[in-house]
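[1] no sequence for this one, just the structure:
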């Protein structure tokens, strides 16, 4: 990264008047625009000249060859799973049964706190200022996760899982879950950076009554309801056999769709299901890296965009790198849908930036708070260095942000106007100490869990390939 013509100390004052070369606004990329940040909020936007004249008492910070953009939104995360993300490579579908359930059932309170903090650090390093967490199977851990998130400063839509076991469900059990859910909502509803949400892992692990009541409770409290839907062929087929309906049809049948609902993955949707999402204004999390690593299909995200189906981009705890997620979102669509139809543009670049920021914030229920550089919104933003070899010849910065921008170009990450990272590292806590702890604890947690991993490690695969090659040579 280049030697900046400004210092970290200039960016840590209570009132910031920033004069970058570019700002990514909702309307697109703008040159010569400045922003004023005060009390953690974008207070004013105008030209460099307008704002320096309007606020002569504030020393402006000139940011040549720098771009300010909204912090990216991760529309689908599992904060207590990302420490074991390398176990997901090349695994068959529904790995939650063989990897995530055994792992999360073995997490003690200290480890829940530490792995949440590490996941939050990774997200911030990747340019995410907000993540939408789909819930953890580790019981009684929400306050620990919230504590870790507060310490890192990452904004989070944090979900409480409300599964009632379907066949094991009783009226008393459902009422107890709903009481706990209401208490959870009340605990965090006024929090600055923790935004409550409720989740049911997949429709088949909850009774119809629970699916409806949890969705309704979210709608009544203006928060989002999260559920994994139509991700893998096996789950779609189980639903057809057990319910006589596909998972999304099942949710619609019980009245659990609507603007409060965010469905994760949605990789296998029929035309009628797409129209169902459109009619109900239900949102989707498009998770392209998850599809590449362990999925059966790719969501038709560009078609969703044209149908005005709301969607965010999500990592699914695979790779917490916002710029690589943008690239994967565009490239995966192009490979599956664009090339067969001769669509060379596949979204035109800007579309993916929109769904990583403004549209992503809308999908996770925070459009009034974050997702764009707009007066009155929280100052969640990234400072991007464009003074690099990759960008010195750029003819289309918006497109190049999708295809060329890298995590190491992120100079600073701000959440609520407060700098949280400078050149990849926290400014107010010891990330290296956390990393040393997690290196040891991760190995212990994995060793203690009854994980069934199907795909061999890279070195095991190398050895197996060598053995196969030798056998083929002998036969020849």
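    Cool, the structure landed. Worth saying up front: this structure is predicted, and the values here are computed from it rather than measured.

[2] list the helices and strands the one helix or strand residue 333 maps to packs on?
    Using DSSP states H and E, residue 333 falls within helix 322-333. Contacting helix 322-333 under the criterion 3 or more C-beta pairs under 8 Å, 6 or more residues apart in numbering; DSSP states H and E are the following elements: strand 72-77, helix 288-294, helix 301-306, strand 311-313, helix 350-356, helix 397-403. Every C-beta, even on glycine, is put in place using the N, C-alpha and C of the backbone.

[3] looking at these, which has the lowest confidence?
    Of all those, the minimum mean pLDDT falls on helix 288-294 (a mean of 92).

[4] which strands and helices sit next to it?
    helix 322-333.

[5] sort out which residues of the helix it packs on are buried, please.
    Neighbour counts over helix 322-333 (16 or more other C-beta atoms under 10 Å) mark 322-333 as buried.

[6] pLDDT on the next helix or strand after it, on average?
    Counting by DSSP H and E, the element after helix 322-333 in chain order, helix or strand, is helix 339-341. Averaged over helix 339-341, pLDDT sits at 95.

[7] what of stretch 93-109?
    For stretch 93-109, mean pLDDT is 77.

[8] how far does it sit from the chain's center?
    Distance of stretch 93-109 from the chain centroid (C-alpha atoms, centre = their mean, to the nearest Å) equals 20 Å.

[9] number the residues from 429 up from this point.
    Understood, numbering begins at 429; the last thing we discussed is stretch 521-537.

[10] how far does it stretch from start to finish?
    One end of stretch 521-537 sits 29 Å from the other (C-alpha to C-alpha, to the nearest Å).

[11] buried stuff in that stretch?
    So, applying 16+ other C-beta under 10 Å, buried residues of stretch 521-537: 522-524, 526-532, 534-535.

[12] and the contacts of that stretch?
    With contacts defined as C-beta atoms under 8 Å, 6 or more residues apart in numbering, stretch 521-537 is touched by 506, 508-509, 512, 515-516, 519, 543, 564-566, 568-569, 572, 629, 659-663, 722-724, 873-874, 876-882.

[13] of those residues, buried ones?
    506, 508-509, 512, 515-516, 519, 543, 564-566, 569, 572, 629, 659-660, 663, 722-724, 873-874, 877, 879.

[14] in helices, which of the residues you listed fall?
    543, 572, 663, 722, 873-874 (DSSP state H).

[15] pLDDT score for residue 429?
    For residue 429, the model assigns a pLDDT of 41.

[16] residue 892 now?
    We have a pLDDT of 84 for residue 892.

[17] so residue 450 sits right up against residue 815, yeah?
    No - Residue 450 sits out of contact with residue 815 when judged by C-beta atoms under 8 Å, with a separation of 11.8 Å.

[18] show me what residue 740 is bridged to.
    Going by DSSP bridges, residue 740 is paired in beta bridges with residue 713.

[19] mind listing the helices for the stretch 529-678 of the chain?
    Applying DSSP state H, counting those that start in this stretch to the stretch 529-678 of the chain gives helices spanning 529-532, 537-553, 570-580, 599-616, 636-648, 661-671, 675-681.

[20] closest one to residue 461 among those helices?
    helix 537-553 (24.8 Å; C-beta to C-beta).

[21] can you give me the angle the closest one makes with helix 570-580?
    Here helix 537-553 runs at an angle of 40 degrees relative to helix 570-580 (axes from the mean of the first three to the mean of the last three C-alpha atoms, to 10 degrees).

[22] for stretch 653-666, give the mean pLDDT please.
    Per-residue scores along stretch 653-666 average to 95.

[23] roughly how far is it from the heart of the chain?
    Centroid separation for stretch 653-666 versus its chain: 19 Å, with C-alpha atoms, centre = their mean.

[24] which parts of the chain belong to which domain?
    Domain assignment for the chain by automatic domain parsing gives 437-498+803-854, 500-791.

[25] could you point out which of these sits nearest residue 887?
    domain 500-791 (12.9 Å).

[26] ends of the closest one, how far apart?
    This stretch, domain 500-791, spans 13 Å end to end (C-alpha to C-alpha).

[27] now do the end-to-end distance for stretch 851-861.
    End to end - C-alpha to C-alpha - stretch 851-861 spans 18 Å.

[28] so which bits of it are buried?
    The neighbour-count check on stretch 851-861 (16+ other C-beta under 10 Å) flags 851-852, 854-855, 859 as buried.

[29] pLDDT on it, on average?
    97.

[30] with stretch 799-814 instead?
    For stretch 799-814, mean pLDDT rounds to 98.

[31] of residue 450 and residue 815, which one has the most company?
    Counted by other C-beta atoms under 10 Å, residue 450 and residue 815 do not tie: residue 450 has more neighbours, with 20 against 16.

[32] picking up where we left off before, so what's the gap between the helix holding residue 761 and the chain middle?
    With C-alpha atoms, centre = their mean, you get 13 Å for helix 750-761.

[33] for stretch 588-600, same thing?
    Remark: stretch 588-600 is offset 27 Å from the chain centroid, using C-alpha atoms, centre = their mean.

[34] how about that stretch: buried residues?
    588-592, 597.

[35] is residue 561 bridged to anything, and to what?
    Beta bridges link residue 561 to residue 505, residue 586, judged by DSSP bridges.

[36] any idea how far residue 529 is from it?
    17 Å (C-beta to C-beta, to the nearest Å).

[37] could you dump the helices of the stretch 529-678 of the chain into a markdown table and include distance to residue 502?
    Below are those laid out as a markdown table (distance: least, C-beta to C-beta, whole Å):
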| stretch | distance to residue 502 |
| --- | --- |
| helix 529-532 | 19 |
| helix 537-553 | 6 |
| helix 570-580 | 13 |
| helix 599-616 | 19 |
| helix 636-648 | 20 |
| helix 661-671 | 23 |
| helix 675-681 | 23 |
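
[38] among those helices, which comes closest to residue 778?
    helix 537-553 (23.3 Å).

[39] which of the domains of the chain sits most buried?
    Each of the domains of the chain was scored by mean neighbour count; the highest is domain 500-791, a mean of 21, by mean count of other C-beta atoms under 10 Å.

[40] report the distance from that one to the chain centre.
    9 Å.

[41] restricted to helices, list the buried residues of stretch 851-861.
    residue 859.

[42] any chance of the buried residues of stretch 851-861 in JSON lines, with distance to residue 482 too?
    Listed next are the buried residues of stretch 851-861 as JSON lines, based on distance: C-beta to C-beta, whole Å:
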{"residue": "851", "distance to residue 482": "31"}
{"residue": "852", "distance to residue 482": "34"}
{"residue": "854", "distance to residue 482": "33"}
{"residue": "855", "distance to residue 482": "29"}
{"residue": "859", "distance to residue 482": "38"}
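
[43] pick the one among the buried residues of stretch 851-861 closest to residue 467.
    Relative to residue 467, the closest of the buried residues of stretch 851-861 is residue 855; by C-beta to C-beta it sits at 19.3 Å.
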